[in-house]
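Novice: what's the 3D shape of this:
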Amino acid sequence: MTAGSRGDVAPYTGLGHALSRDGHEVTLVTHGRFERLVAGSGVRFHPLPVDPRAELESPRGRSLHTSATGVGKLVRVVALARALAGQMTDAMLTAARSSDVLLLAASTAPLGQAIAEGLSLPSIDLPLQPLAPTREFGPPILGGRSWGGPGNRIAGHGVNLAIERVFSAAVPDVRARLGLSRRGAPGTRTGRVLHGFSPLVVPRPRDWHQDLEVTGYWWPYDGAAQLPSELRDFLDAGPPPVYVGLGSATVPDAAGLSAEVAGALRRAGLRGVIQRGWGGLEATGDDVLTIDDVPHSALFPRMAAVVHHCGAGTTAAGLRAGVPAVPVPVQFDEGFWAGRLVALGVAPRAVPLRRFTAEALTAAVRQATGDPSYARRARALAEGLRDEDGVAPVLDAVNRLG
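Specialist: This is a model prediction of the structure:
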């Protein structure tokens, strides 16, 4: 069970496919617009009613861009998510009633845990980001800023309280429907917590409780991972281009940003592949091609560098491909992942959207593609990721429940 944007869904398609191959019957419970992501994977689908793209494109969703701080954005997104949480309850309950185990993304965990308790089902939390408070870094959802050891832990607990606020109406309601007391024990959860990112990218914090594990990445199910013929022809017609895409992020001025991106690539003497995404980026010319969604696993290895918003999923895909990155974080945890790419030496610097200029992007892509040390470190990290098996600990946890 997961909710959010494509990056909050895609990793679970690969995990579900692996569970299916191991003999389990798996259903992905998420927004209806993502049903095609499980096509051919052996994973069933159960839709949630909310359309996340429509919500981000609504006036309430676009208001997120008016907040200049991580805390301000958190306040706005909590209000947005709180208004939507209750709409998912019936669909989640229906899916849960025909299940033996609930696997819960962070975006559904509080509601899913209440449902699991009410139906006497085991559950396992499977977050894609480090959420538990730690002294080692500030909460990723606030952009990766550090307030020092004690401050980081306090901020982490504050974020958890904000997440509880999202479900403060939906959880008591579903608990009452299932014959439970309206208020459960604070922080109640069952089973292990398995995080779907690599310890090579974010080492497991030393002050975490022992039940908080870091497994490695869960790669999306991409099937045959074929690229469209027009894209293949463009790639074959010249040197490796630079990918630019902001995934599920929306932007205030798509046309203006698109023109700046195309101009920056041309000043750097580089070809470009621009992905429209939910922000609606688009550019034309012999040296640039605009595309819709394609499997990152097939596209990114053919790029000279990837310029992206640093969502958790896109960050992982770029690292898997072993190519340099130029982070353009927009909001929430994207600043955290951008900081990790720079610290790992696979990106020269971040160019946050709020301070974005064509000149800054030109300089960053020139450095990322011109200095071979970035590609060398990216390839070495990709080799390390290939040696990990993030799925195995989840299979073990599920099989132990059987």
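Novice: helices along the stretch 301-402 of the chain, start to end?
Specialist: 312-321, 334-343, 358-370, 372-386, 391-401 (DSSP state H, counting those that start in this stretch).
Novice: just say which of those helices is most tucked in.
Specialist: helix 312-321 (a mean of 26; mean count of other Cβ atoms under 10 Å). Backbone N, C-alpha and C define where each C-beta goes, glycine included.
Novice: and it, what other elements does it pack with?
Specialist: Using 3 or more Cβ pairs under 8 Å, 6 or more residues apart in numbering; DSSP states H and E, the elements in contact with helix 312-321 are helix 10-21, helix 296-299, strand 305-308, helix 334-343, helix 372-386.
Novice: domain assignment for this structure?
Specialist: Split into domains by automatic domain parsing, the chain comes to 6-221+388-401, 229-386.
Novice: by mean pLDDT, flag the weakest helix or strand of the protein.
Specialist: Between all helices and strands in the chain, the lowest mean by mean pLDDT, DSSP states H and E belongs to helix 59-62, at a mean of 58.
Novice: next, the distance between the ends of stretch 106-122.
Specialist: 16 Å (Cα to Cα, to the nearest Å).
Novice: no no, stretch 333-353
Specialist: This stretch, stretch 333-353, spans 14 Å end to end (Cα to Cα).
Novice: ditto for stretch 269-281
Specialist: Using Cα to Cα, the two ends of stretch 269-281 sit 20 Å apart.
Novice: in the protein, where is pLDDT below threshold?
Specialist: Scanning the chain with the threshold set as pLDDT under 70 gives 54-83, 184-191, 402.
Novice: next, please give the residue ranges for the strands of it.
Specialist: For the chain, strands defined by DSSP state E occupy the ranges 27-31, 44-48, 102-104, 123-125, 193-195, 212-214, 242-245, 272-275, 288-291, 305-308, 325-327.
Novice: can you add mean neighbour count and distance to residue 133 and give these back as TSV?
Specialist: Converted to TSV, those look like this (neighbours: other Cβ atoms under 10 Å; distance: least, Cβ to Cβ, whole Å):
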stretch	mean neighbour count	distance to residue 133
strand 27-31	24	27
strand 44-48	18	28
strand 102-104	25	19
strand 123-125	23	15
strand 193-195	23	13
strand 212-214	18	11
strand 242-245	26	32
strand 272-275	24	35
strand 288-291	20	40
strand 305-308	29	28
strand 325-327	30	25
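Novice: what's the neighbour count on residue 230?
Specialist: Residues lying near residue 230 (other Cβ atoms under 10 Å) number 10.
Novice: that one reaches residue 294, doesn't it?
Specialist: No. Counting by Cβ atoms under 8 Å, residue 230 does not reach residue 294; the two are 10.7 Å apart.
Novice: measure residue 325 to residue 336 for me?
Specialist: Distance from residue 325 to residue 336, counting by Cβ to Cβ, to the nearest Å: 14 Å.
Novice: please read the previous query as pertaining to residue 212.
Specialist: 17 Å.
Novice: mind checking which of the helices of the stretch 301-402 of the chain is nearest residue 123?
Specialist: helix 391-401 (9.4 Å; Cβ to Cβ).
Novice: what's the distance between the closest one and the middle of its chain?
Specialist: On the basis of Cα atoms, centre = their mean, to the nearest Å, helix 391-401 sits 22 Å off its chain's mean C-alpha point.
Novice: check contacts around residue 329.
Specialist: 143, 309-310, 335, 337-338, 350, 352-353 (Cβ atoms under 8 Å, 6 or more residues apart in numbering).
Novice: next: residue 46.
Specialist: Residue 46 makes contact with 27-29, 91, 94-95, according to Cβ under 8 Å, 6+ apart.
Novice: now residue 32, nearest residue through space, not along the chain?
Specialist: Leaving aside its sequence neighbours, residue 32 sits nearest to residue 47 (Cβ to Cβ, 6 or more residues apart in numbering; 3.7 Å).
Novice: now do residue 151
Specialist: Nearest one to residue 151, counting by Cβ to Cβ, 6+ apart, is residue 138 at 7.6 Å.
Novice: quick one: residue 242 from residue 127, how far?
Specialist: 31 Å.
Novice: one more: residue 20?
Specialist: Distance, residue 20 to residue 127, by Cβ to Cβ: 22 Å.
Novice: kindly report the same for residue 323.
Specialist: As judged by Cβ to Cβ, residue 323 and residue 127 stand 26 Å apart.
Novice: just residue 332 next, same as before
Specialist: Distance, residue 332 to residue 127, using Cβ to Cβ: 14 Å.
Novice: which one of these two is surrounded by more residues?
Specialist: Taking other Cβ under 10 Å, residue 332 and residue 127 do not tie; residue 332 has more neighbours (23 against 19).
Novice: does the more buried one touch residue 144 like I think?
Specialist: No. If you go by Cβ under 8 Å, residue 332 and residue 144 don't touch, sitting 10.0 Å apart.
Novice: and the closest residue to residue 156 other than its chain neighbours, what does it touch?
Specialist: Closest residue to residue 156 in three dimensions, ignoring its sequence neighbours and counting by Cβ to Cβ, 6+ apart: residue 133, at 2.7 Å. Counting by Cβ under 8 Å, 6+ apart, residue 133 makes contact with 139, 152-157, 160.
Novice: what's the answer for residue 280, then?
Specialist: Contacts of residue 280 (Cβ under 8 Å, 6+ apart): 251, 254.
Novice: what about the longest helix in this structure?
Specialist: helix 149-166 (DSSP state H).
Novice: CA-only coordinates of that one, as CSV, when you get a sec.
Specialist: What follows is helix 149-166, C-alpha atoms only, in CSV (Å, rounded to 0.1, in the frame of the first residue of the first chain):
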residue,chain,number,x,y,z
GLY,A,149,23.0,16.3,16.8
PRO,A,150,20.3,17.2,19.4
GLY,A,151,18.6,19.6,17.0
ASN,A,152,18.3,16.9,14.3
ARG,A,153,16.6,14.5,16.7
ILE,A,154,14.2,17.1,17.9
ALA,A,155,13.4,18.1,14.3
GLY,A,156,12.8,14.4,13.5
HIS,A,157,10.3,14.0,16.3
GLY,A,158,8.6,17.2,15.1
VAL,A,159,8.2,15.8,11.6
ASN,A,160,6.7,12.6,13.0
LEU,A,161,4.2,14.7,14.9
ALA,A,162,3.3,16.5,11.6
ILE,A,163,2.8,13.1,9.9
GLU,A,164,0.5,12.1,12.7
ARG,A,165,-1.4,15.2,12.1
VAL,A,166,-2.1,14.1,8.5
